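**Student:** requesting a structural model of the entry that follows:
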Amino acid sequence: MNINFKILLLAAIIPLLVGFIWYNPKTFGNAWMRESGVTEDKIKNSKMWLIFGLTFLCSFFMAFIIQFLVVHQFGALSLLYTHPDFAKEGSEASQILEKFNALVGSSYRTFKHGAFHGTFAGLFLATPIVTILALFERRSFKYIAIHAGYWIISFALMGGVLCSLV
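**Tutor:** Okay, here's the model as predicted:
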């Protein structure tokens, strides 16, 4: 099983696309601006190319990790890959991996399954991070809900794409 960097790049675009919709003034953009203290002037005077570039880079890092959460076959490979005899053809470790792949194959490699695990990552990884930061910054529940919702949806879509295409 190999890491597919083209699919990781595709998945890294998802938070940008979701953010374009989620933080649009017609959806949650105005509420987000109010809750976070962002003004039109701050937006106009910012280096958006840098913001979007770093967002894409960070999203790529997240996609890299999310693939290991949503593609279960990576777990079996990682357990056997560290075995000293793994690289030797016909070794017990390589035979176990071959049997595992024959038995499991591409089971649970659907968009739906990846989105399920991505949603859990959004709920139980991203939401606590957003919440902790918001608590220390003395932000409102609405602020937490806006950002947590964004990450839950982004992770769900990233998980779905990664699970079905990697």
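**Student:** can you classify residue 108 as helix, strand or coil?
**Tutor:** coil (DSSP: H, G, I helix; E, B strand; the rest coil).
**Student:** surely it and residue 72 touch.
**Tutor:** Yes: counting by Cβ atoms under 8 Å, residue 72 is a contact partner of residue 108 at 5.7 Å. Quick note: C-beta positions are derived from backbone N, CA and C, even for glycine.
**Student:** so who does residue 54 touch?
**Tutor:** Residues in contact with residue 54 (Cβ atoms under 8 Å, 6 or more residues apart in numbering): none are found.
**Student:** which strand or helix spans it?
**Tutor:** helix 48-70 (DSSP states H and E).
**Student:** not counting its neighbours along the chain, what's nearest residue 127?
**Tutor:** Closest residue to residue 127 apart from its sequence neighbours, by Cβ to Cβ, 6 or more residues apart in numbering: residue 148 at 4.2 Å.
**Student:** wait, the one you found sits on residue 122?
**Tutor:** Yes: Residue 148 lies in contact with residue 122 (Cβ under 8 Å); the separation is 7.5 Å.
**Student:** more neighbours: which of the two?
**Tutor:** Neighbour count, other Cβ atoms under 10 Å: between residue 148 and residue 122, residue 122 has more, with 24 against 19.
**Student:** look up phi and psi at that one.
**Tutor:** Torsion angles at residue 122 (phi, psi; degrees, to the nearest 10) stand at phi -70, psi -40.
**Student:** so it sits against residue 153, correct?
**Tutor:** Yes: the criterion here is Cβ under 8 Å, and residue 122 meets it with residue 153 at 7.3 Å.
**Student:** show me what the lowest-mean-pLDDT helix or strand in the chain is packed up against.
**Tutor:** Confidence across the helices and strands of the chain bottoms out at helix 73-81, with a mean of 84, counting by mean pLDDT, DSSP states H and E. Helix 73-81 sits against helix 48-70, helix 92-104, with contacts defined as 3 or more Cβ pairs under 8 Å, 6 or more residues apart in numbering; DSSP states H and E.
**Student:** and the lengthiest helix in the chain, which residues are buried?
**Tutor:** Ranked by number of residues, the top helix in the chain under DSSP state H is helix 141-165. Under the neighbour-count criterion of 16 or more other Cβ atoms under 10 Å, helix 141-165 has 143-165 buried.
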